[in-house]
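In: Predicted model and sequence below, questions to follow.
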Amino acid sequence: MSSTLTARTDLRAISGRETGSDYLVSMEDIGKVYPNGTVAVQNVNLHAGEGEFLSFVGPSGCGKSTIFNMIAGLTAHTSGQLSVLGTSPKEARKQNEIAFVFQEHTLLPWEKLIDNVTLPLTLRGVSKKERIREGERVLELVGLKDHMKVLPRQLSGGMKMRVSIARALISRPKLLLMDEPFGALDEITRQSLQDELLNIWQQERKMTVLFITHNVFEAVFLSTRVVVMTPRPGKISEIIDIPIPYPRSEDYRSMPEFGSNVHKVSEAIKH
Ligand SMILES: Nc1ncnc2c1ncn2[C@@H]1O[C@H](COP(=O)(O)OP(=O)(O)OP(=O)(O)O)[C@@H](O)[C@H]1O
């Protein structure tokens with residue numbers, strides 16, 4: 001076992017964030033075999049604490065989305081022990097404390113932004129007054145409060161992604177799962193959304209983010225730890241601490257520490 005597999009950054013020291021002692025996600029020897037016999041992941045051991053930002057990198061098909069779907073209670077693991085927010089993934093999902101953001105924005109084209117972002121509250125029967133208050137709060141967080149009444153088609157790709165993030169935040173999730181959210185965006189938009197996501201994560205002090213990306217630069221810019229996976233059947237080969245303090249400014253992207261961490265993660269992916 002690699003020594004970095006068990007290493008753990010002192011999150012409080014690098015981010016100034018409060019951290020809890022309990023794990024939000026605990027995966028012990030997790031495996032997943034799909035009904036057609038595909039062994040997607042094997043022997044996955046991972047613990048994510050409150051307030052962490054973990055990115056998952058690895059070759060296509062190594063089981064990253066499968067891991068997220070198991071954590072979200074959308075597909076069952078077939079071996080090992082998985083606990084999310086201290087209970088089973090399905091139970092955790094019912095508590096509305098897990099939110100998902102995908103690469104595709106999945107907004108309702110005929111609904112104004114305010115109605116799109118408040119949809120999870122509408123489905124739960126929350127009053128209109130509270131929906132509007134919470135909708136304004138999250139649209140403000142993503143810098144779109146002035147666009148409450150517009151339709152999704154009037155927005156750029158980056159703005160649509162901001163709306164998806166706002167909708168995910170409306171339930172004040174403890175755990176935010178993001179599956180390649182910025183994969184379809186141009187580099188400039190992508191970097192500005194990375195900055196915004198870190199700002200939001202710093203404000204929502206206890207929220208844990210799990211983030212899938214194919215982009216090593218993005219993983220190193222955002223994360224407290226980077227989880228590196230092997231080709232299928234996916235296993236975790238290394239978990240690399242990124243012990244650079246937050247807030248991480250634009251300058252971080254040109255610092256030697258950034259380059260050396262990118263190199264470390266890139267090397268880990270090759271082995
Ligand atoms: N419902 C399913 N039934 C059978 N096999 C599946 C199913 N979903 C995924 N797989 C297979 O499981 C493996 C892992 O897939 P998964 O989508 O989790 O990988 P990934 O790392 O997220 O890939 P990518 O980076 O390309 O999105 C792949 O071989 C995939 O074909």
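Out: Structure's in. What do you need? Residues are numbered from 1 along each chain as shown.
In: quick check: longest helix of this protein.
Out: helix 187-203 (DSSP state H).
In: how about whichever helix or strand comes after that one, does it get close to the ligand?
Out: Tracing the chain C-terminally past helix 187-203 and defining elements by DSSP states H and E, one meets strand 208-212 next. No: looking at strand 208-212 against the ligand by Cβ under 6 Å from any ligand atom, there are no contacts, and the closest approach is 6.6 Å. C-betas here are computed from N, CA, C, even on glycine.
In: residue contacts, whatever residue of the stretch 101-250 of the chain ends up closest to the ligand?
Out: Distance from the ligand to each residue of the stretch 101-250 of the chain (Cβ to the nearest ligand atom) is smallest for R232, at 5.1 Å. Contacts here follow Cβ atoms under 8 Å, 6 or more residues apart in numbering; on that basis R232 touches V39, A40, P59, G61, C62, G63.
In: Hmm, I236 and the last one touching each other?
Out: No: with contact defined as Cβ atoms under 8 Å, G63 and I236 do not form a contacting pair (10.0 Å).
In: Kindly report the residues of the stretch 51-200 of the chain close to the ligand.
Out: Contact residues, the stretch 51-200 of the chain versus the ligand (Cβ under 6 Å from any ligand atom): S60, G61, C62, G63, K64, S65, T66.
In: what residues are up against the nearest residue to the first one once chain neighbours are set aside?
Out: Spelled out, that is S60. The shortest distance from S60 to any residue that is not its chain neighbour, by Cβ to Cβ, 6 or more residues apart in numbering, is 7.7 Å, and that residue is H214. H214 sits next to V57, S60, E180, G183 when contact means Cβ under 8 Å, 6+ apart.
In: Just give me the neighbour total for the second one.
Out: Number of residues near S60 (other Cβ atoms under 10 Å) recorded here: 8.
In: mind checking which helix or strand it is in?
Out: Taking DSSP H and E as the criterion, no element holds S60; it sits outside all helices and strands.
In: Could you pull out the strands in the stretch 151-271 of the chain for me?
Out: 175-179, 208-212, 225-229, 236-241 (DSSP state E, counting those that start in this stretch).
In: What is the burial count for R133?
Out: When neighbours are defined as other Cβ under 10 Å, R133 has 12 of them.
In: lowest-pLDDT helix or strand in the chain?
Out: In the chain, the helix or strand scored least confidently by mean pLDDT, DSSP states H and E is helix 3-6, which has a mean of 36.
In: So among the contacts of R232, which ones count as buried?
Out: Buried positions within those, assessed by neighbour count (16 or more other Cβ atoms under 10 Å), are A40, C62, G63.
In: Assess the claim that the second one and G234 are in contact.
Out: Yes: the criterion here is Cβ under 8 Å, and C62 meets it with G234 at 3.8 Å.
In: Now do the shared contacts for the two.
Out: Listed contacts common to C62 and G234 are V41; contacts here mean Cβ under 8 Å, 6+ apart.
In: what about the closest residue to S79 other than its chain neighbours, neighbour count?
Out: What sits nearest to S79 in space, not counting adjacent residues and going by Cβ to Cβ, 6+ apart, is G31, at 3.9 Å. When counting by other Cβ under 10 Å, one arrives at 19 neighbours for G31.
In: Is G31 in a helix, a strand, or coil?
Out: For G31, the reduced secondary structure class is strand; criterion used: DSSP: H, G, I helix; E, B strand; the rest coil.
In: Give the full set of residues in contact with it.
Out: Contacts of G31 were listed using Cβ under 8 Å, 6+ apart, and they are V39, V41, Q42, N43, V44, H77, T78, S79, G80.
In: May I have the beta-bridge partners of the first one?
Out: According to DSSP bridges, the partner residues bridging V39 are V33.
In: from memory it sits against V33, does it?
Out: Yes: taking Cβ under 8 Å as the definition, V39 is a contact partner of V33 at 5.2 Å.
In: Name the residues of stretch 128-142 that are buried.
Out: For stretch 128-142, a neighbour-count test (16+ other Cβ under 10 Å) marks R131, E134, G135, V138, L139, L141, V142 as buried.
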